[in-house]
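>>> Task: produce atomic coordinates for the following.
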Amino acid sequence: MNLSSSSIETLQNRVMGSLFGKFLDLIKIFIIHYLWDKRWFFIALIIGGIMFNLPLPGGLSHDGLIVLIMSVVATILFITEPIPLPSVALLIILGQIFLLGHDSSAVAKTLWNDSVLFILGSLMLAVAVVKQKLDKRIAWIIIRITGTKTSRICVGISVVSGLLASFIGEHTVAAMMLPVGVTLVTLTSDDPKKVRNLAAVLLFSIAYGCSIAGIGTPSGGARNAIMIGYWKEFFYDPSNPESYKFLIDYVRWMSFAYPMFLIQLPFVTLILFTTFRPEYRDLSRAVVRLRKQVEDEGPMSYGDWMSVVLFLAILIGWVFASDSVGMGTIALFGATAFLIAGLVRWEDINSGVNWGVVLLYGAAISLGIEMKETGAAIWVAEHFLDVLQPIGGNDGFGLWVAVSALTTAVTNMMSNGAAVAVLGPIVLKVAIVAEESPIIIGFITAISSAFAYLTVVGTPACTIVYASGYLKTTDFLVVGWKMALASTILMLGAAAIYWPLLGV
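Got it, this is the predicted structure:
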């Protein structure tokens, strides 16, 4: 059948119209999906825009308002994560340059200090340690010490996880120890339903052992290094001998926090066993299989022993030389030694280190310094105390409880390092206004940031053990509130009784 030219033109128009309509539909779907996926990014920007156009609050400078807006927007993005967290770090850097008018070189200098170098070096060391694959040997050593009773094994796992995590970071140890727990579970039964509670007590022993130990030393977590950096930045003056007490070195931090870790250890197993009653009270069957696997791997190699020696040398350096050359310098020296000894390749470190985390903490610390310099931190601190005054939380023990509760709430929504980076400048200024010890308030903040027991995302250790597939999100709530309550009571007791004996 022959079609006229007008018919052909009409048909072409219909086809083009249909295609154009579908194209528009695709664009609409893409825009709607993109806007919904990134909705919290745009909500954060809208909130920032509204704050910027409000009248300038009394007592707050224009630059202080900008820094406060940047902090609010960054906190929303930290919690909701609509964009990659390193992107938030880049926005903080760009905000200081374009919104505050700072020179880019000056901003770059605030991104790097010993705390950030320490975080970088610790992440590099973590990769080197995990590379040695000592998980089965660690499990076998634990069981040879504790015996085969489930309760004793859980205590052993908590102790070993804690001792390691207090020096090399909880995420590293959780990653190392997870195969230990999973191995014991799978060697006991291939059916997850038959070992549901056993898996819970073993895996939570790892997660909580790491979490409570992360407070013990500066190398236990980035939050500790961040708080040490804030103390030095806010209060240290080389010309004032009185300010030297704010130079918290490795040993002094341990004197404050390590006893808390040790005291909490028995409570971990007690709380876990009263919450989850394991199906097996003895793991002899799993132990026999584990022993066979360890024997098949043979004795420790030269590289294994060299790794142990290097790691001990790094610990000695942190204890005896960190006050003179800096903890970050020693961490980088240790990572370099592992590379030179051939125990880890640069390719392993390059792929294993989350460089975005280093950038994130550097930017967060930089923003914290701006909070101090522009007066935003002192302004927020004064208003925070005004809010607490009616309920008696503006000084003394009431203020300690309020700071701990605030930090615990925030750290269960974002990473503990980010929580301390955001809250640190505020709570330290709160301490000054309330005439409280900045050291005590700082320790309460840093330690409370480890109480992220309630959610899967609150701490890397919880996220890692959840990834095993044996735990439910509700498990964290069921046992987490008990751990948070016990940890808070013990910390407040230490702040009231023990810390004053150390001269704060």
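>>> what's around Val420, how many residues?
31 (other C-beta atoms under 10 Å). For every residue, glycine as well, the C-beta is placed using N, CA and C.
>>> Which neighbouring elements make contact with the helix or strand harbouring Ile46?
Under the criterion DSSP states H and E, the helix or strand holding Ile46 is helix 39-53. Counting contacts by 3 or more C-beta pairs under 8 Å, 6 or more residues apart in numbering; DSSP states H and E, helix 39-53 packs against helix 62-80.
>>> Same question for the helix it packs on: list its buried residues.
Within helix 62-80, the residues scored as buried using 16 or more other C-beta atoms under 10 Å are 63-71, 73-80.
>>> Give me the contacts around the helix holding Ile46.
35, 65-66, 68-70, 72-73, 76-77, 80, 82-83 (C-beta atoms under 8 Å, 6 or more residues apart in numbering).
>>> could these go into JSON lines alongside distance to Ile29 and pLDDT?
Converted to JSON lines, the contacts of helix 39-53 look like this (distance: C-beta to C-beta, whole Å; pLDDT from 0 to 100):
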{"residue": "Leu35", "distance to Ile29": "11", "pLDDT": "78"}
{"residue": "Leu65", "distance to Ile29": "39", "pLDDT": "93"}
{"residue": "Ile66", "distance to Ile29": "37", "pLDDT": "94"}
{"residue": "Leu68", "distance to Ile29": "38", "pLDDT": "88"}
{"residue": "Ile69", "distance to Ile29": "33", "pLDDT": "92"}
{"residue": "Met70", "distance to Ile29": "33", "pLDDT": "91"}
{"residue": "Val72", "distance to Ile29": "32", "pLDDT": "86"}
{"residue": "Val73", "distance to Ile29": "28", "pLDDT": "90"}
{"residue": "Ile76", "distance to Ile29": "26", "pLDDT": "84"}
{"residue": "Leu77", "distance to Ile29": "25", "pLDDT": "85"}
{"residue": "Thr80", "distance to Ile29": "23", "pLDDT": "78"}
{"residue": "Pro82", "distance to Ile29": "19", "pLDDT": "87"}
{"residue": "Ile83", "distance to Ile29": "21", "pLDDT": "86"}
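>>> Give me the pLDDT for Phe267.
Per-residue pLDDT puts Phe267 at 90.
>>> Surely it touches Ala486?
Yes - if you go by C-beta atoms under 8 Å, Phe267 and Ala486 touch, sitting 5.0 Å apart.
>>> wait, what's in contact with the residue nearest the centre of the chain?
Residue closest to the mean C-alpha point of the chain, counted by C-alpha atoms, centre = their mean, is Asn416 at 3.8 Å. With contacts defined as C-beta under 8 Å, 6+ apart, Asn416 is in contact with Gly214, Gly221, Ala222, Arg223, Ser449, Ala450, Ala452, Gly458, Thr459.
>>> Check Met70 too.
Gly48, Ile92, Gly95, Leu99, Leu367, Glu370.
>>> Hmm, Ile66 and the fourth one touching each other?
By that I understand Leu99. Yes - taking C-beta under 8 Å as the definition, Leu99 is a contact partner of Ile66 at 5.1 Å.
>>> circling back: give me the buried entries from the contacts of Met70.
Buried among these by 16+ other C-beta under 10 Å: Gly48, Ile92, Gly95, Leu367, Glu370.
>>> now, the most widely separated pair of the contacts of helix 39-53?
Leu35 and Leu65 (28.0 Å; C-beta to C-beta).
>>> Which one of the contacts of helix 39-53 is nearest to Ala321?
Checking the contacts of helix 39-53 one by one against Ala321 (C-beta to C-beta), the nearest turns out to be Met70, at 36.6 Å.
>>> per-residue pLDDT, Ser18?
pLDDT, Ser18: 65.
>>> give me the number of residues near Leu164?
The burial count for Leu164: 23, using other C-beta under 10 Å.
>>> For it, give its distance to Leu310.
Look at Leu164 and Leu310: by C-beta to C-beta, to the nearest Å, they are 15 Å apart.
>>> repeat for Leu198
36 Å.
>>> Would you mind listing which of the contacts of Asn416 are buried?
By 16+ other C-beta under 10 Å, these give Gly214, Gly221, Ala222, Arg223, Ser449, Ala450, Ala452, Gly458, Thr459 as buried.
>>> quick one: low-confidence parts of this structure?
1-26, 28, 30, 129-130, 132-136, 413-415, 457-458 (pLDDT under 70).
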